[in-house]
Each structure stands twice: as C-alpha cells, then as structure tokens.
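Q: predicted model follows, preceded by the sequence.
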Amino acid sequence: MSKVKPYKDSNLGKKEQVTQMFDNISENYDGLNRVISFGIDVSWRKKVVAIVKASNPQTVLDIATGTGDLAINLAETKAKRIVGLDISSGMLEIGKQKVLKKELENTIEMVLGDSENMPFEDNYFDAITVAFGVRNFETLEKGLTEIYRVLKPGGVFVILETSMPTKTPYKQGYNFYTKNILPVIGKIFSKDKSAYKYLYESASVFPFGEALNNILRKIGFINVNDLPQTFGVATIYTSSK
C-alpha cells in the first residue's frame, strides 16, 4: 500500500499527501461519492450503523470521518457521545457545518487528529468505525493497533472499505470502471486531478477479505468476519476486542 502515492511528484510522506489530497477535494467530496458509487454507499453505511446499534454503545468513534456522513448516521444508535476524527481540516470543516445543520452538536464532536496517534485514553470507546479510511493509513498495523488500544474490551470494531470483485464478469466491469471512468469523473468535478486516480490505485493493492481478516486477528481482534457488498466492490468487516 505504501507504494501508491497521491502525488507522484511530491516529496511529502503518505500521511501529508493524503491530508493535502482530501483538503483539496473536500468541497466536492460528498457529491462525487454519490455519483461515483451510484448512491450505493448510502446503503452500505446504513448496514454499518445497524451493526453498531445492535451493541447499544454509549461512546462511538468514527475514524477518517471526512465530512461526517457516517458519524451523523451513527446518531441513530442513541450513543451519548460520538467523535468524528480526521486528519483533514478541510473535510472536518464541512462535517462541522453538517453536524450543526442536523442539530447534533451536543452529541457529535469533530476532532482533528491522526488515527495512528489518537488523543484518547485506553479502553474508552464502546464502538469504533472506519469507512473508506483504513487504506489511507500510513502504516496499517500501527493504525489498527491504536484502534485496538482505545476500544473497550467487548467493544465492536467495524470497517467499511472498498474491495476487488473476484468473480466474472464483476471483476472485469469493476476494473474498467475504476481505472477508466472514475478518474475522468474526478477530473471533471474536482480540482485535484490525481485524487481519484489514487483512490483507485490504493484500493487495487489494499488487502481485502481473508487477508485483512488475518491482519485484524494478528493485532488481537476476535470474532473477525467479512461481509462482501454489491458483488464485492466493498466489504464490511466486523470484529471485537
């Protein structure tokens, strides 16, 4: 994963590059997500919320929260405190406005921070989620270890991430769309022409399915399971501590 860089002409590290990239595309991010995924990402998030809600959490952390879509959806869990953490101030500013519009500022707190070095005490959160963010960790194992640290024993950890379909013809169709169509859409609607090319490339090399399950188990997570979505273009991973 570390071989894929958002800006090939940049001397910045991956973390700084990802931060800059998401700052640049923050204004168009929500609309582009709906277009690129044909709106299916909304249903994926609803499934994540249902999984978290079943555990009746009081404290929830949404890592790589971006503009806060999942954090806002997680208000349905009736948790007393929801924290949305992201490294991009541009994405967070839009998220804060959305939280205010939904009148959820007493429940949801948007925090600028690094997922690999979080400002939270050990064993604090009842549930933690990451939607389309783990592949952007500079060091995957370090980020997952930090998540394990702040999750309570018995707590639920849910990942929603892109994955690669393995069956014909979905594999061929997905490869053509993400390699040829997605970057064109990104160029038309976003001022950052390399961002959506990076998003495809990072997804294509990121471990998914049993490969990611094994990494989670190595970190110490238990009850690890993966639930492919929409012919395998995304996967929901569930686990606990």
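A: Yep, that arrived.
Q: pull the distance from the helix or strand that contains F176 to the chain's centre.
A: Element membership for F176 (DSSP states H and E) is helix 170-176. Taking C-alpha atoms, centre = their mean, to the nearest Å, the mean C-alpha location of helix 170-176 is offset from the chain mean by 22 Å.
Q: in it, what counts as buried?
A: Buried residues in helix 170-176, counted by 16 or more other C-beta atoms under 10 Å: Y174. The C-beta positions use only the backbone N, C-alpha and C, and glycine is treated the same way.
Q: can you list the neighbours in contact with it?
A: Residues from elsewhere that reach helix 170-176 (C-beta atoms under 8 Å, 6 or more residues apart in numbering): M164, P165, F231, G232, V233.
Q: try it again at 6 Å.
A: Helix 170-176 has contacts (C-beta atoms under 6 Å, 6 or more residues apart in numbering) with P165, F231, V233.
Q: now do it, average pLDDT.
A: Averaged across helix 170-176, pLDDT comes to 82.
Q: tell me what whatever helix or strand comes next after that helix is packed against?
A: Using DSSP H and E, the helix or strand that directly follows helix 170-176 along the chain is helix 182-189. Judged by 3 or more C-beta pairs under 6 Å, 6 or more residues apart in numbering; DSSP states H and E, helix 182-189 is in contact with helix 195-205.
Q: buried ones in whatever helix or strand comes next after the helix it packs on, by neighbour count?
A: Next helix or strand after helix 195-205 toward the C-terminus (DSSP H and E): helix 210-219. Applying a neighbour-count criterion of 16+ other C-beta under 10 Å, one finds L212, N213, I215, L216, I219 buried in helix 210-219.
Q: output helix 210-219 as PDB, nothing but the C-alphas.
A: What follows is helix 210-219, C-alpha atoms only, in PDB (Å, rounded to 0.1, in the frame of the first residue of the first chain):
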ATOM      1  CA  GLU A 210      -9.400 -13.000   4.400                       C
ATOM      2  CA  ALA A 211      -6.100 -11.100   4.000                       C
ATOM      3  CA  LEU A 212      -7.400  -8.200   6.100                       C
ATOM      4  CA  ASN A 213      -9.200 -10.600   8.500                       C
ATOM      5  CA  ASN A 214      -5.800 -12.200   9.200                       C
ATOM      6  CA  ILE A 215      -4.200  -8.800   9.900                       C
ATOM      7  CA  LEU A 216      -7.000  -7.900  12.300                       C
ATOM      8  CA  ARG A 217      -6.500 -11.300  14.100                       C
ATOM      9  CA  LYS A 218      -2.800 -10.600  14.300                       C
ATOM     10  CA  ILE A 219      -3.400  -7.300  16.100                       C
END
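Q: got a list of contacts for it?
A: Under the contact criterion C-beta under 6 Å, 6+ apart, helix 210-219 has outside partners L144, T145, Y148, V224, D226, S239.
Q: buried among those? Make that a PyMOL selection.
A: Selecting the buried subset of the contacts of helix 210-219 in PyMOL, with 16+ other C-beta under 10 Å as the burial test, is done by:
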select buried, resi 144+148+224+226+239
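Q: and which of the contacts of helix 210-219 is nearest V42?
A: Nearest to V42 among those: D226, at 20.6 Å, using C-beta to C-beta.
Q: and the closest one, helix, strand or coil?
A: Here D226 is strand, with the state taken from DSSP: H, G, I helix; E, B strand; the rest coil.
Q: that one and T235 touch, don't they?
A: Yes. Checked against C-beta atoms under 6 Å, the pair D226 and T235 is within contact range at 5.3 Å.
Q: re the thing from before, looking at the buried residues of helix 210-219, which is nearest L112?
A: L112 lies nearest to I219 out of the buried residues of helix 210-219, by C-beta to C-beta, at 24.9 Å.
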